[in-house]
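Colleague: Structure here, sequence nowhere to be found:
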């Protein structure tokens, strides 16, 4: 899709090609606003919506907006709801096939502040292979969560650090920027988890591939419109899955990362 040779032939340093991946399922209340918020940053970000055939018409709204955004807004519709992890893997493969340099994960519900995309990219430009929008590097920066959920999330982060040894304060964070080389360093088809644990697994695979991870402090605000996709099953997948993941990294290194 993109060819940097034109810039090189004119002796102009090529601009990076950046893709913001936003998975959706029944996000008709948020999808137009989040797309416009990213575009309004004026950074030239491309956006890929990966929609799981939302019955509320989310994909139709994106198709309507595509005529306005001159090829910078892309849509992939999957047959059914198949989990956050597989949506991102689908998006990562699409991004690599289309030669993007920096690839972001971001929620559709404004729990992640779009302006923080700039700070995440800067961390990667300054040397990180993966930058993480962290809620827990400077205290607890979470808005509109009940105390029980804060304790669950913070406790899960501590648990993951103990089991994996990753020096990451917020391993379950879902607001991330990757260098394309970081995604190429791991075996995407071997990623096992689809829910809460997916975010942990991606960080751990990149960490085990000896790539540099850096946390960037953000404020996380719980969604105002639409409905959360969190469930007890997703939480248990994370709790039990971390131990399984740790063993797999020891005994199946050839499937865990390249190199």
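Modeller: Structure received. Everything numeric here is computed off the predicted structure, so don't read it as measured data.

Colleague: can we go C-alpha only for contacts and neighbour counts from here?
Modeller: Noted.

Colleague: what ranges do the strands span in the chain?
Modeller: Applying DSSP state E to the chain gives strands spanning 18-24, 46-51, 73-77, 102-105, 130-134, 142-143, 176-179, 213-217, 220-221.

Colleague: can you redo the ones you listed as JSON lines with mean pLDDT, mean neighbour count and distance to residue 83?
Modeller: Shown next, in JSON lines, are the strands of the chain (pLDDT from 0 to 100; neighbours: other Cα atoms under 10 Å; distance: least, Cα to Cα, whole Å):
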{"stretch": "strand 18-24", "mean pLDDT": "98", "mean neighbour count": "25", "distance to residue 83": "9"}
{"stretch": "strand 46-51", "mean pLDDT": "98", "mean neighbour count": "22", "distance to residue 83": "11"}
{"stretch": "strand 73-77", "mean pLDDT": "98", "mean neighbour count": "18", "distance to residue 83": "13"}
{"stretch": "strand 102-105", "mean pLDDT": "98", "mean neighbour count": "26", "distance to residue 83": "14"}
{"stretch": "strand 130-134", "mean pLDDT": "97", "mean neighbour count": "28", "distance to residue 83": "21"}
{"stretch": "strand 142-143", "mean pLDDT": "74", "mean neighbour count": "14", "distance to residue 83": "24"}
{"stretch": "strand 176-179", "mean pLDDT": "98", "mean neighbour count": "24", "distance to residue 83": "18"}
{"stretch": "strand 213-217", "mean pLDDT": "97", "mean neighbour count": "21", "distance to residue 83": "25"}
{"stretch": "strand 220-221", "mean pLDDT": "84", "mean neighbour count": "20", "distance to residue 83": "22"}
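
Colleague: which stretch among these comes nearest residue 194?
Modeller: Each of these has some distance to residue 194 by Cα to Cα; the shortest is strand 18-24, at 12.4 Å.

Colleague: Distance to residue 187 for the strands of the chain - can I get that in a markdown table?
Modeller: As requested, the strands of the chain are arranged in a markdown table below (distance: least, Cα to Cα, whole Å):
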| stretch | distance to residue 187 |
| --- | --- |
| strand 18-24 | 19 |
| strand 46-51 | 20 |
| strand 73-77 | 22 |
| strand 102-105 | 16 |
| strand 130-134 | 16 |
| strand 142-143 | 32 |
| strand 176-179 | 15 |
| strand 213-217 | 18 |
| strand 220-221 | 29 |
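
Colleague: Would you mind saying which of those strands lies nearest residue 158?
Modeller: strand 130-134 (13.5 Å).
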